[in-house]
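Peer 1: pasted the sequence and its predicted model underneath.
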Amino acid sequence: MDSFKNLKPKERIFQSGIKLFATRGFNRTGVRELAEKAQVSLSMINYHFGNKSGLLKAINDYFFSRYIQNAKEVLSTDDPIEIRFEKFIDKQIQFFKSNPDLMIIALTEFPYNEPDVATQKARYISGMIKNFHGEMTKQFPGHCGKQFPAEIIGPVLMGMMAMHFIMRPVLRDMDSVQLDDEFYKCHGKIVKKIFLHGIMAL
């Protein structure tokens, strides 16, 4: 708690937004509740982010910029394509593991009454498919000799990596599941095998 108090107001608002939006949802989180958790005035939220929607957009910006940077670091190398995919999956799973609330917000919060947020996400996802997934997947043959569309492969891969973390609160209650380091090593290996073996079969 002391470390939270030592954060600057903007960072307290940002971190409080991540926690509340992930657990309560964007639409169910009130601005006053957000201000109380961040220990700031309502005017401070407006000063730094404009409004609640601006805060959500800032959270999305942070998530997608990190996701894209991770992709750049491993997908732009000269390694064989299978190795690049393996490194990409490992890196993103570790990112999701370290930032589960951030990931849940970015991939599940689509407030349709906030068109700016929808436009923002569409722009990011379109760019990711075109610049990264598209560059990779065009190397795989598709049906009838055509390239398999990146707009299918990209979301499939992201869903395979992310779905565990969306369901993790439920999985924690299962007696047979131990969400430790060994589990995540296995998780990454299985995702890689399913995805790589599946895509090679196209």
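Peer 2: Yes, it's here. Numbering: from 1, shown residues only.
Peer 1: could you pull out the helices for this protein?
Peer 2: For the chain, the helices defined by DSSP state H occupy 2-5, 9-24, 31-38, 42-49, 52-75, 81-98, 100-108, 115-128, 134-137, 150-171, 181-200.
Peer 1: what lies in contact with the second one?
Peer 2: When you say that, I think you mean helix 9-24. 4, 7, 29, 33-35, 37-40, 44-45, 48-49, 52, 55-56, 58-59, 62, 100-102, 104-105, 109 (Cβ atoms under 8 Å, 6 or more residues apart in numbering). Yep, even glycine has a C-beta here, placed from its N, CA and C like the rest.
Peer 1: repeat that with 6 Å
Peer 2: Applying Cβ atoms under 6 Å, 6 or more residues apart in numbering, the contact partners of helix 9-24 are 29, 34, 37-38, 40, 44-45, 48, 55, 59, 101-102, 104-105.
Peer 1: quick one: buried residues of it?
Peer 2: Within helix 9-24, the residues scored as buried using 16 or more other Cβ atoms under 10 Å are 10, 12-18, 20-22.
Peer 1: need the residues you listed in a markdown table with pLDDT and distance to Asp180, can you?
Peer 2: Output for the buried residues of helix 9-24, formatted as a markdown table (pLDDT from 0 to 100; distance: Cβ to Cβ, whole Å):
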| residue | pLDDT | distance to Asp180 |
| --- | --- | --- |
| Lys10 | 96 | 35 |
| Arg12 | 97 | 31 |
| Ile13 | 97 | 33 |
| Phe14 | 97 | 29 |
| Gln15 | 96 | 26 |
| Ser16 | 97 | 29 |
| Gly17 | 97 | 29 |
| Ile18 | 97 | 24 |
| Leu20 | 97 | 28 |
| Phe21 | 96 | 27 |
| Ala22 | 94 | 22 |
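Peer 1: appreciated, that's everything.
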